[in-house]
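I'd like to go over a predicted model; first the sequence, then the structure.
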Amino acid sequence: MTEYNFAYLDEQTKRMIRRAILKGLAIPGYQVPFASREMPMPYGWGTGGVQVSAAVLTPKDTFKVIDQGADDTTNAVSIRTFFQRTAGVATTTTTSDATVIQTRHRIPEEPLHEGQILVYQVPIPEPLRFLEPRESETRKMHSLEEYGLMHVKLYEDISRHGHIATSYAYPVKVEGRYVMDPSPIPKFDNPKLGDMAAIQLFGAGREQRIYALPPYTQVVSLDFEDHPFEASKADHPCGMCGATDSYLDELIIDDAGGRMFVCSDTDYCEVRQAAGHKRKDAA
Amino acid sequence: MTPLLSVQGITKRYGTHIGCADVSFDLYPGEVMGIVGESGSGKSTLLNCMAGHLTPDAGQVVFDTRTDGPHDTITMSEPERRMLGRTDWAFVHQHARDGLRIGVSAGGNVGERLMAVGERNYGDIREKATDWLGRVEIDASRVDDRPTTFSGGMQQRLQIARNLVTGPRLVFMDEPTGGLDVSVQARLLDLLRGLVRDMGLSAIIVTHDLAVVRLLADRLMVMKTGRVVEAGLTDQVLDDPQHAYSQLLVSSVLQV
């Protein structure tokens, strides 16, 4: 513990990041540039999320990390251990006990409550990036609210697949103003973004951007009148806890085509199993 | 009658070098103006200044907007100018690739301007896109193909469809037939002439090809080293050029 400042980053850096966070909260959905630091992990492993977490953590916090919904995958374990060592904060895998939750690609199934902070790891914060490669131009498009291009992407989806095939990183409009990339969460999670009781912070380390959604913000998924947004998931119950309302991962279980669907949110699944829910039949 | 576009004293310098100097003219609704001259005579600079792609060092470009009447587009705010660029104006680039989204299907290309002005019904957008492909003689079955699979002439026609779909009143064209072979050029000109006449468009066409202006333009300006050396009715200028440079230009055309 003595080798590191609390939560690894020095106080000046955390202050700089908090400033960016406050600005982001003041302008929901707006990408605030910040001086991202080198972290002791590669880009793409959540350097943005880690910096945001470091800036918001206090010694009294309880910290949880999920990676694709799971508490026990490499990314989740390494980041949780990182803050255990550098901040000495309590950690948990229980969603409701945590005060700060860092997440990669999922929103927990259990509704979050006031006082919690959800920190997203963001690979590419610019929703218009693959349509317009020039940063100067995308910034101008955001400032002038020129979002027609975002619908061109959805149009292309429908013309090619017959429906909107974008299934993750589904673009949303925040408070009728900024179009935002919700990070690569499945579109099943999109409805949870809006009107959430917890604070949502998004950190992109390599791209040096922070953006945020304050509690109870209006978030609308973009769509067409005749092709409305639809939150989709695999049409199965969970193979372990039998849940029909949670987002599922598909697992290949043998080399004879056997597969099963299980909750991607491990905490949700375990709580349900402990409460006696079991799968109804073999998958 | 109010001119649709009134250009006064447009000057653009690149350092000490003159792009175009002191160009003034009026364009009335339904009129097609041709700008001819050799390479480097400043015609593209002038066009880009008028279309808002470049900021001129001096002068005014007054456009008769639908809502507020005549407005100087150089001093108007950028959102307003960009809105004009999506609605009342159209810009046809010489190279279709500059004006198209090359990774997006033909239908998406045509639909982009519709979506940019707030159209949110997929069925309607697609119907309009298909209709416009038909108008520029592209088969409706190609609506989901990318422009990379199109020939040069088709790409150029697609670019025109994409620009005209929102019913603009003024079209800027920069060498619309450049780089196309003569038979494709002839068809494209025929198509353009039809569209301009049917939709009552006003257009400013920059070209070095005198045949293009002969066919399309009502009036003509001849530019040399950034200045307008002669202006008048197209037939008048081409049949009886007064300025030495216009005479040279007209006499340089190969007769087959």
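Looks like it arrived, so ask away. Numbering: from 1, shown residues only, chains lettered A, B, ... in the order given.

can you list contacts of the worst-scoring helix or strand of chain B on mean pLDDT?
When each helix and strand of chain B is scored by mean pLDDT, DSSP states H and E, helix B:182-199 comes last, with a mean of 86. Contacts with helix B:182-199, where a contact means CB atoms under 8 Å, 6 or more residues apart in numbering or on different chains, come from B:32, B:135-137, B:151-153, B:156-157, B:160, B:164, B:167, B:171, B:176-177, B:180, B:201, B:203, B:212, B:215-216. (Glycine included, C-beta is placed from N, CA and C.)

Report the strands that pair with the helix or strand following it, each with its relative direction.
Sequence-wise, the next helix or strand downstream of helix B:182-199 (DSSP states H and E) is strand B:202-207. Sheet partners assigned to strand B:202-207 using DSSP bridges are listed as strand B:32-36 (parallel), strand B:170-174 (parallel).

Can I get strand B:202-207 in CSV, CA atoms only?
Output in CSV follows, covering the C-alpha atoms of strand B:202-207 (Å, rounded to 0.1, in the frame of the first residue of the first chain):
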residue,chain,number,x,y,z
SER,B,202,-30.6,27.1,-61.5
ALA,B,203,-27.0,25.9,-62.0
ILE,B,204,-23.5,27.1,-62.1
ILE,B,205,-21.3,24.9,-64.2
VAL,B,206,-17.6,25.1,-64.2
THR,B,207,-15.9,23.4,-67.1
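
can you give me the helices for the chain?
Unless you meant another one, I'm taking chain A. A:11-26, A:47-56, A:74-87, A:135-143, A:148-161, A:190-193, A:266-274 (DSSP state H).

Chain B was what I was after
Under DSSP H, chain B gives helices at B:43-50, B:78-86, B:96-99, B:106-116, B:122-135, B:152-164, B:182-199, B:210-216, B:234-239, B:244-251.

re earlier: now, of the strands paired with strand B:202-207, which is deepest in the fold?
Counting by mean count of other CB atoms under 10 Å in any protein chain shown, strand B:32-36 has the highest mean neighbour count of those, with a mean of 26.

now it against helix B:244-251, angle please.
100 degrees (axes from the mean of the first three to the mean of the last three CA atoms, to 10 degrees).

and residue A:43, how many neighbours does it have?
15 (other CB atoms under 10 Å in any protein chain shown).

contacting residues for it?
So residue A:43 contacts A:205-206 (CB under 8 Å, 6+ apart).

Residue of chain B nearest chain A, please.
Going by CB to the nearest CB, chain A is nearest to residue B:116 of chain B, at 2.9 Å.

Pull the contacting residues for that residue.
A:146, A:148-149, B:86.

for residue B:109, same thing?
B:100-101, B:147, B:158, B:162 are the contacts of residue B:109 under CB under 8 Å, 6+ apart.

What pLDDT does the model give it?
In this model, residue B:109 is scored at 95, pLDDT.

Give me the nearest residue to it, chain neighbours excluded.
Leaving aside its sequence neighbours, residue B:109 sits nearest to residue B:162 (CB to CB, 6 or more residues apart in numbering or on different chains; 5.0 Å).

Help me confirm that that neighbour comes into contact with residue B:108.
No: if you go by CB atoms under 8 Å, residue B:162 and residue B:108 don't touch, sitting 9.6 Å apart.

which one of the strands paired with strand B:202-207 lies closest to residue B:246?
For residue B:246, the closest of the strands paired with strand B:202-207 is strand B:32-36, at 8.7 Å, according to CB to CB.

show me where pLDDT drops low in the chain?
I'll assume chain A. Scanning chain A for pLDDT under 70 picks out A:1-2, A:280-283.

you looked at the wrong chain, it should be chain B
In chain B, residues with pLDDT under 70: B:256.

who in it is up against chain A?
Proximity of chain B to chain A, by CB under 8 Å from any CB of the partner chain, involves residues B:78-79, B:82, B:86, B:101, B:104-105, B:107-108, B:111-113, B:115-118, B:120-123, B:125-126, B:143-144.

In the stretch 1-150 of chain A, which residue sits nearest chain B?
For the stretch 1-150 of chain A, CB to the nearest CB, closest residue to chain B: residue A:148, 2.9 Å.

which ones are touching that residue?
B:86, B:112-113, B:115-118.

Distance of it relative to residue B:216?
Per CB to CB, to the nearest Å, residue A:148 is found 30 Å from residue B:216.

Ok, residue A:137 next?
32 Å.

Looking only at neighbour counts, state which of these two leads.
For residue A:137 versus residue B:216, neighbours defined as other CB under 10 Å are more numerous around residue B:216 (22 against 13).

That one against residue B:34, yeah?
Yes: applying CB under 8 Å, one finds residue B:216 in contact with residue B:34, separated by 6.8 Å.

No further questions, thank you.
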